[in-house]
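Student: Sequence below, structure please.
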Amino acid sequence: MDTPTGPTFRDATDADVDDLVALVESAYRGDASRAGWTTEADILDGQRTDPEGVRQVIKTPDSRLLVVERAGRIVACCQLEHRGAHAYFGMFAVSPALQGEGLGKVVMAEAERRARADWGATEMHMTVISVRDDLIGWYERRGYRRTGETTPFPYGDERFGIPRRPDLCFELLVKPLV
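Tutor: Numbering: from 1, shown residues only. I've put the predicted structure just below:
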């Protein structure tokens with residue numbers, strides 16, 4: 001049930017795994033993802049995550065997978081991981097049908113609040129595929145900055161998708177949380 005101020009947040013459990021995989025896949029891969037603006041369907045085929053990957057986030061110490069619900073239905077999620085002075089933000093997905101309504105901003109603000117309050121994190125880090133200009137621009141408008149620090153895309157590991165182009169890498173984005 002929604003609170004008077006918005007959606008409800010809770011930590012994911014094993015019972016949520018299938019719904020979370022479906023949500024993440026719907027936001028990023030395949031034709032269904034084109035209903036929203038976060039699709040990666042033009043740059044990657046294959047999967048974005050799988051049940052094992054979601055379970056790993058749920059079970060990892062100093063990590064949580066936040067579930068966002070409206071009217072008892074999972075509509076968004078994000079991973080938070082405590083990494084010393086900073087927190088890592090990942091596996092962020094909003095149902096394509098709800099993208100563009102401001103839910104993503106609400107989820108990100110709650111994730112940042114929890115990272116500060118629960119872990120004393122002073123920065124939030126995330127990695128984004130460097131060719132995702134619209135998505136990076138969205139994060140920049142929320143205070144994240146590009147660092148220029150990149151890591152290679154795991155070409156050949158289909159757990160992360162099947163690239164449709166040869167120039168993919170991840171760029172680190174950082175935001176102070178003070």
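Student: From now on I want contacts and neighbour counts done on CA atoms only, so please keep to that.
Tutor: OK.
Student: Would you check that Ile74 makes contact with Leu66?
Tutor: No - Ile74 is beyond contact range of Leu66, at 10.3 Å (criterion: C-alpha atoms under 8 Å).
Student: Counting neighbours, go ahead and name the busier of the two.
Tutor: Between Ile74 and Leu66, counted using other C-alpha atoms under 10 Å, the more crowded position is Leu66 (23 against 19).
Student: so who does the more buried one touch?
Tutor: Phe9, Arg10, Asp11, Ala12, Cys77, Cys78, Gln79, Leu80 (C-alpha atoms under 8 Å, 6 or more residues apart in numbering).
Student: and the fifth one, that's in a strand?
Tutor: It stands for Cys77. Yes - the assignment for Cys77 (DSSP: H, G, I helix; E, B strand; the rest coil) places it in a strand.
Student: Specify the beta-bridge partners of it.
Tutor: Val67, Ala93 (DSSP bridges).
Student: Quick check: it vs Asp167, distance?
Tutor: Using C-alpha to C-alpha, to the nearest Å, Cys77 is found at 28 Å from Asp167.
Student: Repeat that for the third one.
Tutor: Counting by C-alpha to C-alpha, the gap between Asp11 and Asp167 amounts to 35 Å.
Student: Among the two, which residue is more densely surrounded?
Tutor: Asp11 (15 against 12).
Student: buried ones in the longest helix anywhere in the chain?
Tutor: Longest helix of the chain, by residue count under DSSP state H: helix 103-119. By 16 or more other C-alpha atoms under 10 Å, the buried positions in helix 103-119 come out as Leu103, Gly104, Val107, Met108, Ala111, Glu112, Ala115, Arg116, Trp119.
Student: Could you pull up the residues touching the last one?
Tutor: Translated: Trp119. Per C-alpha under 8 Å, 6+ apart, neighbours of Trp119: His82.
Student: Going by neighbour count, which residues of the helix or strand encompassing Leu65 are buried?
Tutor: Element membership for Leu65 (DSSP states H and E) is strand 63-70. For strand 63-70, the neighbour count (16+ other C-alpha under 10 Å) marks Ser63, Arg64, Leu65, Leu66, Val67, Val68, Glu69 as buried.
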